[in-house]
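**Student:** Mind looking at a prediction? Sequence and model below.
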Amino acid sequence: MENLEAKIHIPKKRDGGYYVYIYDSSSHKIIQKYYKGINVDPDPEERLYAAQDLQKALMIKLKSGWIPNVGKDLIKPTTITIAFNEAIQRLDGKVSKNTDQFQNLGTRRKVWII
């Protein structure tokens, strides 16, 4: 959509949280906010650079036809056990049983050897 823009929110206090948001200029509403990875560095200038990089990436996605959907972009809440089991199931068919990275413990679970 041509009325969607990616903008950067710069807090009044420079040490506050920066974020990039998708803004719909036709309805004057914020569609979605992105904080991830921006506020890691304590330096405000580095935060601004990270926000600018994310803004550029989001603008490229928007120009290619991507329409953000809040429901699809959110990660569903889960427990560590469920996430671990899903990861094992995804890797199970891709990794050989003879691979050095895995050790079969005689159960259905496999453990990474580091």
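**Tutor:** Alright, I've got the coordinates.

**Student:** Kindly indicate whether residue 68 is helix, strand or coil.
**Tutor:** Secondary structure, DSSP: H, G, I helix; E, B strand; the rest coil: residue 68 is coil.

**Student:** hang on, isn't it packed against residue 32?
**Tutor:** Yes. The pair residue 68 and residue 32 qualifies as a contact (Cβ atoms under 8 Å) at a distance of 5.1 Å. All C-beta atoms are positioned from the backbone trio N, CA, C, and that covers glycine.

**Student:** what do those two both touch?
**Tutor:** Common neighbours of residue 68 and residue 32, counting by Cβ atoms under 8 Å, 6 or more residues apart in numbering, are residue 22.

**Student:** Double-check that residue 87 belongs to a strand.
**Tutor:** No. Under the criterion used here (three-state DSSP), residue 87 is helix, not part of a strand.

**Student:** quick one: low-confidence ranges for the protein?
**Tutor:** Counting by pLDDT under 70, the ranges of the chain that qualify are 1, 70-77, 95-114.

**Student:** Can you mark which positions in stretch 25-32 are buried?
**Tutor:** Buried positions in stretch 25-32, judged by neighbour count with 16 or more other Cβ atoms under 10 Å: 31, 32.

**Student:** Residues touching stretch 48-57, excluding its own?
**Tutor:** Contacts for stretch 48-57 (Cβ under 8 Å, 6+ apart): 6, 7, 8, 10, 18, 19, 20, 34, 37, 38, 40, 41.

**Student:** if I pick the second one, what's in contact with it?
**Tutor:** Listed by Cβ under 8 Å, 6+ apart, the contact partners of residue 7 are 20, 21, 23, 55.

**Student:** Please report the distance of the most centrally placed residue in the chain from residue 20.
**Tutor:** Residue closest to the average C-alpha location in the chain (Cα atoms, centre = their mean): residue 36, at 6.3 Å. Residue 36 sits 10 Å away from residue 20, going by Cβ to Cβ, to the nearest Å.
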